[in-house]
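Peer 1: pasting the sequence and the predicted coordinates here, then a few questions.
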Amino acid sequence: MYPARFEYTAPSTLEEVIATLSERGDEAKVLAGGQSLVPLMKLRFATPGVLVDLNGVPGLDYLEEDDGVLRIGALVRHKTCEKSELLRSRYPTLGHAAPQISDPLVRNRGTVCGSLAHADPQGDWGAVMLAARASVVARGPDGERTISIDDLLDGPFTTTLSADEVITEARVPDPGARSGGTYLKLERKVGDYATAAVAVQVALDNGNVGEIGIALTGVGPTNIRAAAAEDALRGSEPTDAAIADAARLAAEAAQPQSDIRGTADYKRNVVRVFTERGLRTVVAAAKGEE
Amino acid sequence: MTELATHTGAAAALHPVEVTVNGQKRSAAVEARTLLVHFVRESLGLTGTHIGCDTTSCGACTVLVDGVPMKSCTMFAVQANGAEITTVEGLEQGGQLHPIQQAFSEEHGLQCGFCTPGMMLTSMALLAENPNPTDKDVRWAISGQICRCTGYQNIVNAVQRAGELMKEGS
């Protein structure tokens, strides 16, 4: 399959990237890993007039901690996250998710920031970043702005980025010492989209739940934050009963649709089970019992 | 960049792409929308790289781009400009099968042969990092490839055997 014809440009600076985006507007599309965009172009669901390849811009492949914030540059591949000891040890929600993204070949090329910009409601990173209270830095002709993931995701395959903006990095706050996080994903086979998945992250504060994030994949028009479930646990002791209640609230927050991967009821139940299992696991990890 | 007349009358820009494929410098001018797999098969004439699903699912089209296994149906040829590409044709050296080819033959890992080029190239990258992969390591590494003979066991055996052969040979 061939994509529709397009113009290709591979600038070496972000300024040139943004200049092309400003000039061409909605007609232009940024190409990072291309592991979602290229298939869409081959199916002609996407027919951009011009592709702006980010891969020629140096210095966007950093994955580093800086003053209590993890910074993931626009060209960091999933594979880099999968191999990162920093993510495994300090940012476990991300560390657990990385090896579950698509398949090993796609992970070699696909990028975290590209996945966020693609805003597929079945994308994994959106839920992970919601749970981790992350944000992205978007650069446009008027400079940079920071957008929380909650504000970034606007609808299926739709973000609040304007046509002349490009995500330059994702920022994830340090979850702290007494914290835990994980990502539980049900997939029919490696490389398939999630039937349903749940990201959970908890920090303990004197034995009670402090910061908490619970977010869902594949069960709504975007990745969904299970806010009621978070609110129910925040500030209280994470007992088995409290966790079970939060899991029920998370299932209520899901808006699944029946499809070849399962019925809506089934997916809602997966969300409940994964939320409960995930919360128990991460609370134990936060207490140092892992 | 040159221009190519098309049946629609519109002119399509051609981009020069130069790669080092299996140690040889090769170049061709292609449209931006030319996928790497089409460039390899049609511009370079290396048809050992197969097109399976054409939807980023099966891994049959896997080649090494600067040593990293990539699905060549999900990358544009222009993006490989300047890169080092290894295809299945680059494995045999001076009439001698590469240990990975030898092992696929010995262990009956080829079966129908369609997924074999991708399987071998992905396994090359695995063995470069981990010369003694466990059964689980191999299955994990090739989880982006689909064998529709569903004969994964022989492929796993072959990759492990290749690891042994490479150690014996070194």
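Peer 2: Cool, got the structure.

Peer 1: show me where the stretch 151-290 of chain A has strands.
Peer 2: Secondary structure of the stretch 151-290 of chain A, counting by DSSP state E, counting those that start in this stretch: strands at A:153-155, A:158-159, A:166-173, A:179-186, A:196-205, A:208-217, A:224-225.

Peer 1: quick check, residue B:109 in a strand?
Peer 2: No: counting by DSSP: H, G, I helix; E, B strand; the rest coil, residue B:109 falls outside a strand, being coil.

Peer 1: excluding chain neighbours, give the residue nearest to it in space.
Peer 2: Counting by CB to CB, 6 or more residues apart in numbering or on different chains, residue B:109 lies nearest to residue B:158, which is 3.1 Å off, once chain neighbours are set aside. In short, each C-beta sits where N, CA and C put it, glycine included.

Peer 1: where does the one you found sit: helix, strand or coil?
Peer 2: On the basis of three-state DSSP, residue B:158 is classed as helix.

Peer 1: before we move on, back to that, and the strands of the stretch 151-290 of chain A, which is most packed in?
Peer 2: A comparison of the strands of the stretch 151-290 of chain A by mean neighbour count, using mean count of other CB atoms under 10 Å in any protein chain shown, puts strand A:196-205 on top with a mean of 27.

Peer 1: you'd agree residue B:17 is up against residue B:75?
Peer 2: No: contact criterion CB atoms under 8 Å: residue B:17 and residue B:75 do not qualify, at 11.7 Å.

Peer 1: chain B: strands as residue ranges?
Peer 2: B:2-5, B:11-21, B:24-31, B:62-65, B:68-71, B:84-86 (DSSP state E).

Peer 1: quick one: list the elements packing against the shortest one.
Peer 2: Think strand B:84-86. strand B:11-21, strand B:62-65 (3 or more CB pairs under 8 Å, 6 or more residues apart in numbering or on different chains; DSSP states H and E).

Peer 1: columns mean neighbour count and distance to residue B:33 on top of those, output as a markdown table?
Peer 2: A markdown table is the format used below for these (neighbours: other CB atoms under 10 Å in any protein chain shown; distance: least, CB to CB, whole Å):
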| stretch | mean neighbour count | distance to residue B:33 |
| --- | --- | --- |
| strand B:11-21 | 17 | 8 |
| strand B:62-65 | 26 | 18 |
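
Peer 1: weakest of those strands in terms of mean pLDDT?
Peer 2: The weakest mean pLDDT among the helices and strands packed on strand B:84-86 belongs to strand B:11-21, with a mean of 93.

Peer 1: tell me which strands that strand pairs with, and in which orientation.
Peer 2: strand B:2-5 (antiparallel), strand B:24-31 (antiparallel), strand B:84-86 (parallel) (DSSP bridges).

Peer 1: tabulate those (TSV), appending mean neighbour count, mean pLDDT and distance to residue B:127.
Peer 2: Compiled in TSV, these are given as follows (neighbours: other CB atoms under 10 Å in any protein chain shown; pLDDT from 0 to 100; distance: least, CB to CB, whole Å):
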stretch	mean neighbour count	mean pLDDT	distance to residue B:127
strand B:2-5	10	52	41
strand B:24-31	15	97	23
strand B:84-86	20	98	13
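
Peer 1: quick one, what contacts the residue nearest to residue A:53 when sequence neighbours are not counted?
Peer 2: Leaving out its chain neighbours, the residue that sits closest to residue A:53 by CB to CB, 6+ apart is residue A:10, at 4.1 Å. Residues near residue A:10 by CB atoms under 8 Å, 6 or more residues apart in numbering or on different chains: A:52, A:53, A:55, A:56, B:78, B:79.

Peer 1: let's go with 10 Å and repeat that
Peer 2: When contacts are counted by CB atoms under 10 Å, 6 or more residues apart in numbering or on different chains, residue A:10 is found next to A:16-17, A:31, A:51-57, B:15, B:32, B:78-79, B:81.

Peer 1: follow-up on the earlier one: out of the strands of the stretch 151-290 of chain A, which comes closest to chain B?
Peer 2: Smallest distance to chain B across the strands of the stretch 151-290 of chain A (CB to the nearest CB): 13.9 Å, for strand A:179-186.

Peer 1: so what does that closest one touch, helix or strand wise?
Peer 2: Applying 3 or more CB pairs under 10 Å, 6 or more residues apart in numbering or on different chains; DSSP states H and E, we find strand A:179-186 packed against helix A:92-97, helix A:124-131, strand A:196-205, strand A:208-217, helix A:264-286.

Peer 1: mind putting the ones you listed in TSV, distance to chain B and mean pLDDT included?
Peer 2: Formatted as TSV, the helices and strands packed on strand A:179-186 follow (distance: least, CB to the nearest CB, whole Å; pLDDT from 0 to 100):
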stretch	distance to chain B	mean pLDDT
helix A:92-97	15	98
helix A:124-131	16	98
strand A:196-205	17	98
strand A:208-217	19	98
helix A:264-286	21	98
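
Peer 1: circling back: looking at the contacts of residue A:10, which are in helices?
Peer 2: The helices, defined by DSSP state H, take in A:16, A:17 from those.

Peer 1: out of the contacts of residue A:10, flag the one nearest to residue A:37.
Peer 2: For the contacts of residue A:10, the minimum distance to residue A:37 (CB to CB) is 6.1 Å, reached by residue A:31.
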